[in-house]
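1. have a look; sequence and predicted model below, questions after that.
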Amino acid sequence: MTVNVGVIGAGMIGTDHMRRLDRVVSGARVAAVTDIDPARAAEAAAGVGARALATDAEVVAAPEVDAVLVASWGPAHAASVLAAVAAGKPVLCEKPLATTAEDCRRIMEAERAHGSRLVQVGFMRRYDTGYRAMKALIDEGAIGAPLMAHCAHRNPTVPEAYHSEMATKDTAIHEIDTLRWLLGEELATAQIIRPRRTSKRFAHLVDPQLLLFETESGARIDLEVFVNCQYGYDIRCEVVGEDGAVRLPEPREAVLHAAGRSGSSVPQDWKRRFGAAFDAEVQAWADAVAAGRIEGPSAWDGYAAAMVGDAAVRSLETGEVVPTKVEERPDFYA
Ligand SMILES: NC(=O)C1=CN([C@@H]2O[C@H](COP(=O)(O)OP(=O)(O)OC[C@H]3O[C@@H](n4cnc5c(N)ncnc54)[C@H](O)[C@@H]3O)[C@@H](O)[C@H]2O)C=CC1
Ligand SMILES: O=C1[C@@H](O)[C@H](O)[C@@H](O)[C@H](O)[C@H]1O
């Protein structure tokens, strides 16, 4: 079976996913595309032999569309995901599932009313071979009980529209999900500390930020988010346990020796750093849709991450430690 995918949002990652569905993933194709910028939708659709449609509702309702991929801006995600769930169509939604926990809760309620899972959230780091190797070692007990994690998430620069809350809700949301998954428990508190700001930022932006979390069992996580670090897209993660420590491998880049120096280049964006993880994620989703089941990060994962995100954002102004209030995972998402 070929899964006919309707894509909502033809921006940077939307077009990258369309290329992936068209040329990399087997058993799937792009059938329809929409964007609030119709010219962008038309150009993207023409590139992959798909139909350009005017709205997300039209994409969801199109009879040829079996499944939906949402790649619009975060605040627009919830409406498109709810439309797909109402139509009973599987949906892969780029992170974040929604920009508030309340919207994620509405999505979970709609999905539970439908009776089976339809939603997968694009937390693609769970498909990265480096993170997967870390998880396998932690799960087999190689480092003993985890006590601490030290992480960094650096981007070279961000556009002016990027604001201080996005450091949590758009950027750190990756680590929030990954740490919940790696450690197998929820994050119970969140706090944000502000170092001196870099001068190389737009005036409105708090950058860098230091995010601190405590898990339910008392492990501590520190995460540096620095989205104007200038030099590259640099993702770091180390988990320290009672018997050892495990660190995310650096991406494999050739080592150049020249002009009296030796070194390798740093990826400049998520496309290069996590390209293989995106390929694996979208292939796994297409395979699961074709087999009539949905796996991978769920609406619950999107919700739990959003709860932590909401708590962290509350700390942004005050620096207080804020409880995340993530409740027990419902059996539906076991
Ligand atoms: N997993 C990852 O590492 C990454 C995830 N993302 C996520 O992907 C999403 C999109 O990000 P980018 O592609 O970088 O943004 P972008 O700004 O390049 O593209 C977003 C597109 O969505 C369109 N759009 C906005 N609202 C819409 C609506 N209601 N209906 C249809 N189209 C709409 C815009 O016109 C734009 O073309 C975001 O949620 C972002 O967090 C983005 C980059 C990397
Ligand atoms: O998901 C992503 C972007 O949306 C986000 O804005 C960046 O900060 C992240 O590094 C990238 O992976």
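-> Received, thanks. Ligands and ions are numbered 1, 2, ... in the order given.
2. what are the ranges of the strands in the stretch 51-200 of the chain?
-> 51-52, 67-70, 91-94, 119-122, 146-154, 187-193 (DSSP state E, counting those that start in this stretch).
3. same check, this time on the stretch 201-334 of the chain
-> 209-215, 220-226, 234-241, 245-247, 256-258, 261-263, 322-323.
4. quick one: mean pLDDT for the second one?
-> pLDDT averaged over strand 220-226 equals 98, rounded to a whole number.
5. quick one: that strand to strand 209-215, angle?
-> 160 degrees (axes from the mean of the first three to the mean of the last three C-alpha atoms, to 10 degrees).
6. can you list the buried residues in strand 220-226?
-> Judged by neighbour count using 16 or more other C-beta atoms under 10 Å, the buried positions of strand 220-226 are 221, 223-226. To be clear about C-beta, it is placed using only N, CA and C from the backbone, and glycine gets the same treatment.
7. nearest to ligand 2 among those residues?
-> Val225 (7.8 Å; C-beta to the nearest ligand atom).
8. so who does the closest one touch?
-> 152-154, 167-168, 171-172, 207-211 (C-beta atoms under 8 Å, 6 or more residues apart in numbering).
9. picking that back up, out of the strands of the stretch 201-334 of the chain, which is closest to ligand 1?
-> Here strand 234-241 is closest among these (C-beta to the nearest ligand atom), at 9.9 Å.
10. which parts of the stretch 201-334 of the chain are helices?
-> 270-290, 299-318 (DSSP state H, counting those that start in this stretch).
11. for the protein, which residues are neighbours of ligand 2?
-> 155, 170-171, 174, 227, 270 (C-beta under 6 Å from any ligand atom).
12. again, only this time at 8 Å
-> The chain comes close to ligand 2 at residues 13, 94-95, 153, 155, 158, 162, 166-167, 170-171, 173-174, 225, 227, 233, 235, 270, 274, as judged by C-beta under 8 Å from any ligand atom.
13. quick one on the thing from earlier: let's have the strands of the stretch 201-334 of the chain in CSV, adding distance to Pro146.
-> Shown next, in CSV, are these (distance: least, C-beta to C-beta, whole Å):
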stretch, distance to Pro146
strand 209-215, 8
strand 220-226, 10
strand 234-241, 5
strand 245-247, 9
strand 256-258, 36
strand 261-263, 32
strand 322-323, 21
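14. wait, which of the ones you listed is closest to Val65?
-> Proximity to Val65 (C-beta to C-beta) singles out strand 234-241 among these, at 33.5 Å.
15. now the closest one and strand 146-154, what's the angle there?
-> Using the same axes, to 10 degrees: strand 234-241 against strand 146-154 is 170 degrees.
16. quickly check: strand 234-241 near ligand 1 or not.
-> No: on the criterion C-beta under 8 Å from any ligand atom, strand 234-241 is out of touch with ligand 1, staying 9.9 Å away.
17. how about that strand: buried residues?
-> 234-235, 237, 239-241.
18. which one of the residues you listed is nearest Pro251?
-> Using C-beta to C-beta, the buried residues of strand 234-241 come closest to Pro251 at Ile235, 8.7 Å.
19. contacting residues around the closest one?
-> Shown in contact with Ile235 (C-beta under 8 Å, 6+ apart): 152-154, 248, 273.
20. for these, pick the one with the most neighbours.
-> Highest neighbour count within the contacts of Ile235, by other C-beta atoms under 10 Å: His153, with 24 neighbours.
21. show me what residue of the stretch 201-334 of the chain gets nearest to ligand 1.
-> Minimum separation of the stretch 201-334 of the chain from ligand 1 (C-beta to the nearest ligand atom) falls at Trp270, amounting to 4.0 Å.
22. touching, Ala167 and Leu223? I think so.
-> No: using C-beta atoms under 8 Å, Ala167 is not in contact with Leu223, being 10.0 Å away.
23. state the number of residues packed around the closest residue to ligand 2 within the stretch 101-250 of the chain.
-> Relative to ligand 2, the nearest point of the stretch 101-250 of the chain is Thr171 (3.5 Å; C-beta to the nearest ligand atom). The criterion is other C-beta under 10 Å. On that basis, Thr171 has 22 neighbouring residues.
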